[in-house]
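# Got a predicted model here, sequence first, then my questions.
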Amino acid sequence: MELRYCPAHERLYDGAERRWIPCLRGEVCLILAIYPREGALSFGEDFCDWCVGVAHRLRGGQCEA
């Protein structure tokens, strides 16, 4: 199982639903405790859809080529 977490906005990516959902850091620690076996869960920090939207607005709505 793979988890992606955005610490800036406290959101967790749900791969099954293909969307970001609100999730507090304490809840992420709980998930990590549920999967204690090494290799059963990979966890990484990532930029969420809100981070991408803010970066897009700061660039003036232009996409980089």
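Here it is on my side, so go on.

# Contacts only, for residue 7.
Counting by CB atoms under 8 Å, 6 or more residues apart in numbering, residue 7 touches 25, 45. (Glycine included, C-beta is placed from N, CA and C.)

# any chance you could map the strands in the protein?
Taking DSSP state E, the strands of the chain run over residues 2-6, 11-14, 19-22, 42-45.

# Any regions of the protein where pLDDT drops low?
1, 36-41, 61-65 (pLDDT under 70).

# returning to what we had before: JSON lines for the strands of the chain, including mean neighbour count?
Listed next are these as JSON lines, based on neighbours: other CB atoms under 10 Å:
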{"stretch": "strand 2-6", "mean neighbour count": "17"}
{"stretch": "strand 11-14", "mean neighbour count": "18"}
{"stretch": "strand 19-22", "mean neighbour count": "12"}
{"stretch": "strand 42-45", "mean neighbour count": "11"}
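
# Of those, which is nearest residue 55?
strand 2-6 (12.6 Å; CB to CB).

# Against residue 32, how distant is residue 8?
Going from residue 8 to residue 32 by CB to CB, to the nearest Å gives 19 Å.

# what does residue 59 give?
35 Å.

# same deal with residue 17?
Residue 17 sits 20 Å away from residue 32, going by CB to CB.

# does residue 47 really touch residue 6, like I thought?
Yes: counting by CB atoms under 8 Å, residue 6 is a contact partner of residue 47 at 6.3 Å.

# Cool, thanks, signing off.
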